[in-house]
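Participant: Need the 3D shape of this:
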Amino acid sequence: MGTSDEVGVKGLGGGRDRVAPDAGFFFIAGSYRSGTTWLRDMLNAHPEAFVLDEGWILNDKGHGAEHWVDRGTIARWCDTGHNAWAERIGDAEEVARVATRGAVEGVMRAAAATAHEGKRVRAIGDKTTFSYCDRVDALHGLFPDARFVHALRDGRDVAVSHCFYLFKFRSREGPSQFEVLPEGAREHMERAYRFHGLGEGERVALFCEESLRYFAGVWCACVRGAARARSLYTERFIEVRYERVLEQTAQELARVLGFLGLDARGELVGQIVERHRFEARTKRERGEADPLAKTRKGIAGDWRTYFGVEDERVWADAAGEAMRESGYM
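Facilitator: Next comes the predicted model:
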């Protein structure tokens, strides 16, 4: 049996010498299928960054960070008479905020301490796409000193890719994956899955009006959340467009690294980009589709393959304002 110093060392951050004491935090957000995973993978390949997927630190599932501390217990602790510790901080709500931040930061630092040998982590991040756009005020309340990275992509391409993303999970886990859609869209989505995903059955449009409005709603919500993040984080906010990353991968990665205060030397950036090219990740040429793969096609403008005239009308009605504000219309 190990010594008391060795027991539980992993969970307590036994490799904490791999994390710089002044390591900062950042959060990657954006609509689903906007290149966030690609960006996360490239950043995580950097010797000074540690980024994990889908931490769901803030969420609507009842187990987000806002539930990690008992506010009632904290209030009673603050109200013990002369509590010099609490009084130095503020009221019970502020103490609860500090305690929540400490819990989240402790978890993230302990995880970063498990980074492979050779890393010296100076930036710790989490990528949870929609969640951080949806709960940006709560995120800023906990981490006003963090950096916010927003991944943006043409919403029409997002809708197409989101469709195929659901097809992928439908093939593995069954039709329950379509329950996120409005009830009236599910039967059409099943037929679309069989034709576009499996190559079976009669030709059918990728979208019906209800499904397209659902995808537009998700994308627009992320755009609105990102606008709020920009106003809160100001110079600590950066936007990364998928289309630009496709065409100028090295330049865009270097821009994000510089924003995070990390080494952005050309040789290092080039090595990371080369390892994470579409062709290297998928063993396919860019544009060569695998409809049920995690990385399906790797191009911009694919919406033109699937949008009919009516789809364009519905999309303009549902998302036109956000498209114009984002420069896509």
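Participant: and the biggest helix by length in the chain, what other elements does it pack with?
Facilitator: Counting by DSSP state H, the longest helix found in the chain is helix 209-233. The contact analysis (3 or more C-beta pairs under 8 Å, 6 or more residues apart in numbering; DSSP states H and E) places helix 209-233 against strand 19-30, helix 129-134, helix 136-142, strand 147-152, helix 155-173, helix 183-192, strand 237-241, helix 309-326. For glycine as for every other residue, the C-beta is placed from the backbone atoms N, C-alpha and C.
Participant: Those into JSON lines, with extra columns for distance to Val218?
Facilitator: Shown next, in JSON lines, are the helices and strands packed on helix 209-233 (distance: least, C-beta to C-beta, whole Å):
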{"stretch": "strand 19-30", "distance to Val218": "11"}
{"stretch": "helix 129-134", "distance to Val218": "7"}
{"stretch": "helix 136-142", "distance to Val218": "15"}
{"stretch": "strand 147-152", "distance to Val218": "14"}
{"stretch": "helix 155-173", "distance to Val218": "7"}
{"stretch": "helix 183-192", "distance to Val218": "13"}
{"stretch": "strand 237-241", "distance to Val218": "18"}
{"stretch": "helix 309-326", "distance to Val218": "10"}
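Participant: Just name the most buried of those.
Facilitator: Of all those, strand 147-152 carries the top mean neighbour count, a mean of 25, counting by mean count of other C-beta atoms under 10 Å.
Participant: Next, the angle helix 155-173 makes with that one.
Facilitator: Computed with axes from the mean of the first three to the mean of the last three C-alpha atoms, to 10 degrees, the direction of strand 147-152 lies at 90 degrees from that of helix 155-173.
Participant: re the thing from before, of all the helices and strands packed on helix 209-233, which one is nearest His63?
Facilitator: With C-beta to C-beta, the closest approach to His63 among the helices and strands packed on helix 209-233 belongs to helix 129-134: 12.2 Å.
Participant: Can you tell me what sits against that closest one?
Facilitator: Helix 129-134 is contacted by residues 27-32, 34, 36, 54, 56-60, 139, 148, 150-151, 218, 221-222, 224-226, 229 when judged by C-beta atoms under 8 Å, 6 or more residues apart in numbering.
Participant: now swap in stretch 46-57 and tell me
Facilitator: Here stretch 46-57 makes contact (C-beta under 8 Å, 6+ apart) with 19, 28, 37, 40, 43-44, 63-65, 104, 108, 111-112, 115, 118-129, 131, 257, 260, 262-263, 268, 272.
Participant: Next step: the residues you listed restricted to strands.
Facilitator: In strands, judged by DSSP state E, the following of these are found: Val19, Ile28, Val121, Arg122, Ala123, Ile124, Gly125, Asp126, Lys127.
Participant: Output those as JSON lines; include the columns pLDDT and distance to Arg284.
Facilitator: Converted to JSON lines, these look like this (pLDDT from 0 to 100; distance: C-beta to C-beta, whole Å):
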{"residue": "Val19", "pLDDT": "95", "distance to Arg284": "37"}
{"residue": "Ile28", "pLDDT": "98", "distance to Arg284": "25"}
{"residue": "Val121", "pLDDT": "97", "distance to Arg284": "33"}
{"residue": "Arg122", "pLDDT": "97", "distance to Arg284": "34"}
{"residue": "Ala123", "pLDDT": "98", "distance to Arg284": "31"}
{"residue": "Ile124", "pLDDT": "98", "distance to Arg284": "33"}
{"residue": "Gly125", "pLDDT": "98", "distance to Arg284": "28"}
{"residue": "Asp126", "pLDDT": "98", "distance to Arg284": "29"}
{"residue": "Lys127", "pLDDT": "97", "distance to Arg284": "24"}
